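>>> the following block contains a protein sequence and its predicted model.
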Amino acid sequence: MKKNAAFTLLEILIALTVFAILATITSSAMYYAFNTRSRVTVQAERLMTLQLALTLIERDIQQVANRAVRDNEVRLLPAFIGRSNYMELTRGGLTNPNSSDKRSTLKRIALLCDKQQLIRRSWPVLDTLKRKEYDDKVLLQQVVGCQLAYLNEQLQVLPEWRANALPAGRKTASLPKAVQLTLTLSDWGKASFLFILPEGLYAET
């Protein structure tokens, strides 16, 4: 009589062990693939955020206008204020779709770093009696270091920009030739970006 073929207990245990090993390898590979994809997505979103921030800063600087403003104490503020961690300027180029509206095409904006964030600040009007009423937009987070520098007519890099800090008899540079922004990001390290102002906008006194 022919005996029926059957799996022994040892064969079943071996098969289960092999299956468990394959399942572990497969799940590990899938986890790694999903984890890698998630990291790539996060990095791509981070890069896009950085690019959008730099594009907005570049547009502000390229549209700079040599127009001073008055604050709530009726003091005249320079068209361009530059410090190591703060920059403020008047920019133009804003559209006015309603021709009957007399809204200005100029806008006062500032760039600053605070609480590990790169922030763009804007005021609703140029000459405002309410300087403390502004709108802050976070451009970038995880900023552990932030420094601004300014390039003058002699191509010197200055930590601050003051329009009247020039030798007597020379042209008064109300605006710098370029602005250098150095950021230290917690995930990507340090990087510097240079923004050129249109023609330096130098004027005779």
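That came through, no problem. Numbers count the residues shown, from 1 in each chain.
>>> switch to C-alpha atoms for all contacts and neighbour counts from now on
OK.
>>> ranges for the strands of this structure?
For the chain, applying DSSP state E gives strands covering 64-65, 69-70, 76-77, 80-82, 86-91, 107-114, 117-122, 135-141, 143-151, 157-158, 178-185, 189-196.
>>> now render those strands as TSV, adding distance to Leu50, mean pLDDT and mean neighbour count.
Below are these laid out as TSV (distance: least, C-alpha to C-alpha, whole Å; pLDDT from 0 to 100; neighbours: other C-alpha atoms under 10 Å):
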stretch	distance to Leu50	mean pLDDT	mean neighbour count
strand 64-65	21	92	22
strand 69-70	30	88	16
strand 76-77	30	87	14
strand 80-82	22	95	22
strand 86-91	18	96	22
strand 107-114	14	95	21
strand 117-122	10	97	20
strand 135-141	7	96	16
strand 143-151	11	95	21
strand 157-158	24	93	18
strand 178-185	10	95	19
strand 189-196	11	93	14
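>>> ok, which of those comes nearest Leu22?
strand 189-196 (40.0 Å; C-alpha to C-alpha).
>>> spatially central residue in the protein, please.
Ala53 (3.6 Å; C-alpha atoms, centre = their mean).
>>> separation between the closest residue in space to that residue that isn't next to it in sequence and Gln180?
Using C-alpha to C-alpha, 6 or more residues apart in numbering and skipping the chain neighbours, the partner closest in space to Ala53 is Leu139 (5.3 Å). The spacing between Leu139 and Gln180, counted by C-alpha to C-alpha, to the nearest Å, is 17 Å.
>>> same thing with Ile119?
Ile119 is 16 Å from Gln180, by C-alpha to C-alpha.
>>> for the strands of the chain, which one sits closest to Val18?
So among these, strand 189-196 is nearest, using C-alpha to C-alpha, at 45.2 Å.
>>> what pairs with that closest one, and is each one parallel or antiparallel?
strand 178-185 (antiparallel) (DSSP bridges).
>>> and the angle for the strand it pairs with with strand 143-151?
170 degrees (axes from the mean of the first three to the mean of the last three C-alpha atoms, to 10 degrees).
>>> run the chain-centre distance for strand 178-185.
9 Å (C-alpha atoms, centre = their mean, to the nearest Å).
>>> angle of that strand against strand 86-91?
130 degrees.
>>> distance of Leu175 from Ile57?
For Leu175, the distance to Ile57 - C-alpha to C-alpha - is 16 Å.
>>> between those two, tell me which one has more neighbours.
Legend: neighbour count by other C-alpha atoms under 10 Å for Leu175 and Ile57, higher for Leu175 (30 against 18).
>>> quick one: that one from Ser27, how far?
In terms of C-alpha to C-alpha, Leu175 sits 60 Å off from Ser27.
>>> still on that earlier bit, my read is that the residue nearest to Ala53 contacts Thr49, right?
Yes. The pair Leu139 / Thr49 is scored as a contact, 7.4 Å apart, by C-alpha atoms under 8 Å.
>>> now for those two: what residues contact both?
Jointly contacting Leu139 and Thr49 under the rule C-alpha atoms under 8 Å, 6 or more residues apart in numbering is no residue at all.
>>> can I get the strands of the chain in a markdown table with distance to Ala20?
Listed next are the strands of the chain as a markdown table, based on distance: least, C-alpha to C-alpha, whole Å:
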| stretch | distance to Ala20 |
| --- | --- |
| strand 64-65 | 66 |
| strand 69-70 | 73 |
| strand 76-77 | 73 |
| strand 80-82 | 64 |
| strand 86-91 | 60 |
| strand 107-114 | 52 |
| strand 117-122 | 48 |
| strand 135-141 | 44 |
| strand 143-151 | 45 |
| strand 157-158 | 64 |
| strand 178-185 | 43 |
| strand 189-196 | 42 |
